[in-house]
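[1] sequence and predicted structure are below.
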Amino acid sequence: MTPVDDVIKASYFATAVLFIAGLRSMSSPATARRGIIWAGVGMTVAALATFFTPGMHHIPLMIGAIAVGMGLAQWSGRRVPMTAMPQMIALFNGMGGGAAAAIAAVELIKGGSAAAHHPVDVAILAVVGALIGAVSFGGSLIAFAKLQGLIKRVLSFPGQNLVDLVVLAVAVAGGVLVVLGETGAATHYGTPLVLGFIGVALLFGVLMTLPIGGADMPVVISLYNALTGLAVAFEGYVLGNPAMIIAGMVVGAAGTMLTQLMARAMNRSLANVLFSGFGATPAASGAASGSARPIEAGDAAIMLAYADKVIVAPGYGMAVAQAQHKVWELAQLLIDRGVQVKFAIHPVAGRMPGHMNVLLAEAGVPYDYIYDLDDINPEFATADAALVIGANDTVNLSARTDPGSPIYGMPILDVGKADNVVVIKRGAGVGFAGVENPLFFEDNVRMLYGDGQEAVAELIRGVKNA
Amino acid sequence: MSGWTALYIFMLAAFTGYVVIGAVPVILHTPLMSGANFVHGIVLVGAMVTLGFAHTTLEVTIGVIAVVLATLNVHGGFVVTVRMLAMFKSSRERGAGKGDATAGAAGGGDAGQPDAPSTPPAASGDRP
């Protein structure tokens, strides 16, 4: 081993330490930014050290490719609005999965010549990494397209699960053939087989994501994040790079945990999310009926202005209406009057876990005003008013009362326990999950119909005059 | 690296990930996912090595694709994570000294209620 080798290996080691320490710093909003910057330092060290790997060719091409990637990422990463963050994360994640699959492709193509056959463990991990990397790549692209609104229709047909299964079986069979060829146990069909195998895996990722509805996308994005992590870890073994193994496994474990957390917050199993296509079909649940009582903005403003404690429960509709800045302006007015204001965030509010927190942070709401489901639910009983804006499924009583409801069993925010509830809603439509909400017919609930931003602006005027 | 050593690394790294990420509060889950996304961008290192040792035109082409994709993963993940985390501020930071003036009015007897800033928050400077 040459001294250069040692320096490179030491750099990778330092990178692994910086990654873990950086992610550890994300346990508090106060240190999180510092943490990610340290992880960035680690990444830079690793990339720079890699340039000095002895015997590498194509260095100018490599620098060019990195420059192109950085330019594109900088351009798209700077301009993406916070509301579109989930699909952007999905897209960047898919790129990583694609890179892992591409690495595997080159390694497996090289292994096609008899002189360069891989040992069986390396061949297997290269193939498995390629499979899940390609699935993550194809699936993430579809997830992006769906959340971005590029694919509006849900594409499903009878026997879809069977077709998916056949495609997966073909991909797996291709992978087995590649491994057998690599180890010399059978004929190696070479480059066409390798590329065909990866192509079919990619197709499987696309097919399995197409029928999943928008409401379930957060779980899917999280799952693909975990899959890319695993793919990177496996290719790390193929290339003999422990930093890739460690970083990939840490992300794989993290993604798995977030996926479970998300699925649990929706009271669904992962299998149910992936294979039932529920998020797709707006189930018509006609159980709830009654008349919702509207309220004038002026009356609602007075109710809020003279309350002691107000809890705001925002949903994604608030962000769609770009009303979060107005909501914070209203909250500040109330706070100045001596009203205690808290924000209640449901785990699946927004388009991915924690998305609503990002949107509120962007509007300027300090994070110590924000409470999650378990902390805030006991407090609704002591609140004079709850203000629901742009949320529907996360406050839907049928999750508690109607066993026939598709969201039955999902934990919800207890807004109905407040003395008075004002619901700002665009119209009498149903939520993302397509379920009617009996909360709107409760005695203490009043509906303030209108565009979120205008409705809150009217509330602000009302509070100022109160 | 022997397969058995690697297996230990796999196992310990998985536990580390589980424990470290378990400590992250729900409020930070979106930046966390984005940050984790950035961390698996280490695939860039593998992509560079793959391109560096590619021989045929096909291998070089796939290698270049790998490096571009991995760079998008790394740099994109970093940019959006930092953008998001820069917006997370406590009421103390938001208040910028003004918070104390309204503390009496906002306190309302509940110790849980943080000091309230009376001014609109400073522009994050990061809005698209």
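    Received it, and whenever you're ready, just let me know what you need.
[2] which residue sits closest to residue 30, ignoring its sequence neighbours?
    You didn't say which chain, so I picked chain A. B:Ser90 (7.1 Å; Cβ to Cβ, 6 or more residues apart in numbering or on different chains). All C-beta atoms are positioned from the backbone trio N, CA, C, and that covers glycine.
[3] sorry, should have said chain B
    Per Cβ to Cβ, 6+ apart, closest to B:Thr30 is A:Gly354, 3.9 Å.
[4] tell me who's in contact with the one you found.
    B:26-33 (Cβ atoms under 8 Å, 6 or more residues apart in numbering or on different chains).
[5] switch to 7 Å and redo it
    Applying Cβ atoms under 7 Å, 6 or more residues apart in numbering or on different chains to A:Gly354 gives the contacts B:26-30.
[6] one step back: pretty sure the residue nearest to A:Ala30 is touching A:Val365, no?
    No: at 10.7 Å, B:Ser90 and A:Val365 do not qualify as touching, with contact defined as Cβ atoms under 7 Å.
[7] compare the two (neighbour count), which wins?
    Remark: of B:Ser90 and A:Val365, A:Val365 carries more neighbours, 28 against 16, as counted by other Cβ atoms under 10 Å in any protein chain shown.
[8] and the residue nearest to that one when sequence neighbours are not counted, how many neighbours does it have?
    Nearest non-adjacent residue to A:Val365, counting by Cβ to Cβ, 6+ apart: A:Trp328, 5.1 Å away. Residues contacting A:Trp328 under the criterion other Cβ under 10 Å number 23.
[9] which elements pack onto the helix or strand containing A:Trp328?
    In this assignment (DSSP states H and E), A:Trp328 forms part of helix A:324-336. Counting contacts by 3 or more Cβ pairs under 7 Å, 6 or more residues apart in numbering or on different chains; DSSP states H and E, helix A:324-336 packs against strand A:309-314, strand A:340-345, helix A:355-363, helix A:452-465, helix B:99-107.
[10] also compute the angle for the strand or helix carrying A:Met217 relative to helix A:355-363, please.
    For A:Met217, the host element (DSSP H and E) is helix A:217-239. Angle, helix A:217-239 to helix A:355-363, by axes from the mean of the first three to the mean of the last three Cα atoms, to 10 degrees: 100 degrees.
[11] next SSE after helix A:217-239?
    Following helix A:217-239 toward the C-terminus (DSSP H and E): helix A:242-265.
[12] pull the CA atoms of that next one into PDB?
    Taking C-alpha atoms only, helix A:242-265 is exported to PDB below (Å, rounded to 0.1, in the frame of the first residue of the first chain):
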ATOM      1  CA  PRO A 242     -16.200   1.500   3.400                       C
ATOM      2  CA  ALA A 243     -17.300   5.200   3.300                       C
ATOM      3  CA  MET A 244     -20.000   4.300   0.800                       C
ATOM      4  CA  ILE A 245     -21.100   1.300   2.900                       C
ATOM      5  CA  ILE A 246     -21.400   3.300   6.000                       C
ATOM      6  CA  ALA A 247     -23.100   6.300   4.500                       C
ATOM      7  CA  GLY A 248     -25.500   4.000   2.500                       C
ATOM      8  CA  MET A 249     -26.400   1.800   5.400                       C
ATOM      9  CA  VAL A 250     -27.000   4.800   7.700                       C
ATOM     10  CA  VAL A 251     -29.400   6.300   5.100                       C
ATOM     11  CA  GLY A 252     -31.000   2.900   4.500                       C
ATOM     12  CA  ALA A 253     -31.800   2.500   8.200                       C
ATOM     13  CA  ALA A 254     -33.000   6.100   8.500                       C
ATOM     14  CA  GLY A 255     -35.200   5.800   5.400                       C
ATOM     15  CA  THR A 256     -36.700   2.500   6.600                       C
ATOM     16  CA  MET A 257     -37.500   4.100   9.900                       C
ATOM     17  CA  LEU A 258     -39.100   7.200   8.400                       C
ATOM     18  CA  THR A 259     -41.100   5.000   6.000                       C
ATOM     19  CA  GLN A 260     -42.500   3.000   9.000                       C
ATOM     20  CA  LEU A 261     -43.200   6.200  10.800                       C
ATOM     21  CA  MET A 262     -45.200   7.700   7.900                       C
ATOM     22  CA  ALA A 263     -47.100   4.500   7.300                       C
ATOM     23  CA  ARG A 264     -48.000   4.300  11.000                       C
ATOM     24  CA  ALA A 265     -49.100   8.000  11.000                       C
END
